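K.L.:
below is the structure, and that's it, no one-letter string:
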């Protein structure tokens, strides 16, 4: 979606006769713009209507003096401003060609040290802002993170100058509680959690709880997480700081700890890492319906085959994750299991994934995979009456029940030298789960800081 250049308010229009004259001029401008837009595939919408409303209601929508000054300056300079909503599979090459902008300018942007990575991999739905004069790029803006905005301007002497504007964020810890009635997402939404935070909660306890098989009505959770704001405006959720999940009467806790290396990891209150050698569920929870019938073991017609494996009923195309670190030992067809992937793990352990619709791209026998990597997708190849994943866990060639076997893989423990610091920081985190609020983390300054691209890249 492409928004045409902003129309500007006409604050000096006061009388009815002047308004009529202004609307006549505006209509002429609209017709002219539509003609231009048709020839350049630009869809003229929204902003002309906004301008007309401003003309008719100057008292209700007064124009900002700063915006008017910038708009008048841009108009005097002959600049056109375009806001582009990125579509699926869009690239900057396609956008520049669609807008008939200079491809040489795009090449010059990509040639700036450290800038190419900030220009590629566009996200559907994000907005890019471009300024141009007769197809010559004069400015470019893109938000590259919640706190950073890439700003590029053409300098007549120096060429393109790129900077990253860093806006400090405020992180306010919030604690919420939820009870499972029909699904994790329903309970999370009722507790005020966004879907990404609910998924993060499921991933956090994914080594101890199978959120496809183990969830029950009456299970509950308490989560302390960050609410992130930018210059007073809430923009989303941050990291989970502490969490407690009670599943079938068993309580699990997770506390976030940032080590000397600057990396955040999660531990139990006694310092054991939540990360274990194997995930309890190899299917991507984000694509599995978490609605369940409390009278049955699995929410979607799941069958458990003792000592052989587990069948996870799931829609075709649901991502399948590697249960643990290992190396691909088989990728092909095996009788009634259809498309099968096998991964060898340390300790003579093999995990087997059957009835797959397809394998992950560029995944071959001998490739190393890490725990959680998407290695295949659910299907119904072989002897299957519906789409599902058949998952097996073998030790020395013998099938074991995955639901109990993976529990034998012990977690690592926080090194002794870090325990005093961890114990000190764990006290307020655990207290937050019991109702004692944590203080907000405010930045030293709220003013944006402009940094050259090279410096911003080095700081990452």
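P.N.:
Perfect, I can see it now. Fair warning: this is a prediction, and the values are worked out from it, not measured in the lab.
K.L.:
isn't residue 150 right up against residue 162?
P.N.:
Yes: applying CB atoms under 8 Å as the test, residue 150 and residue 162 come out as touching, 6.8 Å apart. Every residue, glycine included, has its C-beta placed from N, CA and C.
K.L.:
so for those two, which residues contact both of them?
P.N.:
Residues within reach of residue 150 and of residue 162 at once, by CB atoms under 8 Å, 6 or more residues apart in numbering, are 115, 453.
K.L.:
middle-most residue in the chain, spatially?
P.N.:
residue 196 (7.2 Å; CA atoms, centre = their mean).
K.L.:
residues contacting that one?
P.N.:
Counted by CB under 8 Å, 6+ apart, residue 196 has contacts 236-237.
K.L.:
list the buried residues in whichever strand or helix holds it.
P.N.:
Residue 196 is part of helix 195-204, with elements assigned from DSSP states H and E. Going by neighbour count (16 or more other CB atoms under 10 Å), the buried part of helix 195-204 is 197-204.
K.L.:
so which of these comes closest to residue 103?
P.N.:
Lowest distance from residue 103 to the buried residues of helix 195-204 (CB to CB) belongs to residue 199, with 39.4 Å.
K.L.:
excluding covalently adjacent residues, which one is nearest to the closest one?
P.N.:
Nearest in space to residue 199, with sequence neighbours left out and distances taken as CB to CB, 6 or more residues apart in numbering, is residue 286 at 5.4 Å.
K.L.:
surely the one you found and residue 198 touch.
P.N.:
No: shown here, residue 286 and residue 198 do not form a contact pair, counting by CB under 8 Å, at 9.3 Å.
K.L.:
before we move on, which element is residue 342 in?
P.N.:
For residue 342, the host element (DSSP H and E) is strand 339-345.
K.L.:
what's that strand in contact with?
P.N.:
Residues outside strand 339-345 that contact it (CB under 8 Å, 6+ apart): 277-278, 320, 322-334, 350-359, 369, 375-376, 379, 381-382.
K.L.:
try 7 Å this time
P.N.:
Contact partners of strand 339-345, identified using CB atoms under 7 Å, 6 or more residues apart in numbering, comprise 322, 324-334, 350-354, 356, 359, 369, 375-376, 379, 381.
K.L.:
could you check that strand and say which residues are buried?
P.N.:
For strand 339-345, by 16+ other CB under 10 Å, it's 339-343, 345.
K.L.:
how about stretch 252-262?
P.N.:
Within stretch 252-262, the residues that qualify as buried are 252-257, counting by 16+ other CB under 10 Å.
K.L.:
and what of stretch 396-404?
P.N.:
Buried residues in stretch 396-404, counted by 16+ other CB under 10 Å: 399-403.
K.L.:
avg pLDDT for it?
P.N.:
Regarding stretch 396-404, the rounded mean pLDDT is 83.
K.L.:
try stretch 360-379
P.N.:
On average, stretch 360-379 scores 96.
K.L.:
just stretch 158-171 next, same as before
P.N.:
Averaged over stretch 158-171, pLDDT sits at 90.
K.L.:
mind starting the numbering at 10 from now?
P.N.:
Happy to do that; since the first residue is 10 now, the last one works out to stretch 167-180.
K.L.:
how far off centre is that stretch?
P.N.:
Computed by CA atoms, centre = their mean, to the nearest Å, the chain-centroid distance of stretch 167-180 equals 21 Å.
K.L.:
cool, and stretch 95-111?
P.N.:
Taking mean C-alpha positions (CA atoms, centre = their mean), stretch 95-111 and its chain are 23 Å apart.
K.L.:
now do the buried residues in that stretch.
P.N.:
By neighbour count with 16+ other CB under 10 Å, stretch 95-111 contains the buried residues 95, 99, 101, 104-105, 108, 110.
K.L.:
what residues does it touch?
P.N.:
With contacts defined as CB under 7 Å, 6+ apart, stretch 95-111 is touched by 49-50, 91, 93, 112, 115, 128, 131-135, 137, 141, 144-146.
K.L.:
one more time with 10 Å
P.N.:
By CB atoms under 10 Å, 6 or more residues apart in numbering, the list of residues contacting stretch 95-111 from outside reads 10-11, 48-51, 89, 91, 93, 112, 114-119, 128-137, 139, 141, 143-146, 149, 151.
K.L.:
and the buried ones among the residues you listed, selectable in PyMOL?
P.N.:
Per 16+ other CB under 10 Å, the buried members of the contacts of stretch 95-111 correspond to this PyMOL selection:
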select buried, resi 11+51+89+91+93+114+115+117+118+128+131+137+139+141+146+149+151
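K.L.:
what residue ranges in the stretch 260-409 of the chain are flagged as low confidence?
P.N.:
296-316 (pLDDT under 70).
K.L.:
tell me which stretches of it form strands.
P.N.:
For the stretch 260-409 of the chain, strands defined by DSSP state E, counting those that start in this stretch occupy the ranges 273-276, 313-314, 318-322, 328-330, 335-342, 348-354, 358-368, 377-378, 383-387, 397-404, 407-409.
K.L.:
quick one: the longest one to strand 397-404, angle?
P.N.:
Angle between the axes of strand 358-368 and strand 397-404 is 160 degrees (criterion: axes from the mean of the first three to the mean of the last three CA atoms, to 10 degrees).
K.L.:
within its sheet, name the partner strands of strand 358-368 and how each one runs.
P.N.:
Here strand 358-368 is paired, per DSSP bridges, with strand 348-354 (antiparallel), strand 383-387 (antiparallel), strand 397-404 (antiparallel).
K.L.:
what about residue 139, which helix or strand?
P.N.:
Taking DSSP H and E as the criterion, residue 139 maps to strand 136-142.
K.L.:
make that residue 104, sorry
P.N.:
Assessed by DSSP H and E, residue 104 sits inside helix 101-107.
K.L.:
which residues outside the helix or strand just after that helix are in contact with it?
P.N.:
Next along the chain after helix 101-107, taking DSSP H and E as the criterion, comes helix 112-119. Outside helix 112-119, the residues that touch it by CB under 10 Å, 6+ apart are 101-102, 104-106, 111, 124-129, 141, 144-147, 149, 161, 163, 168-169, 171.
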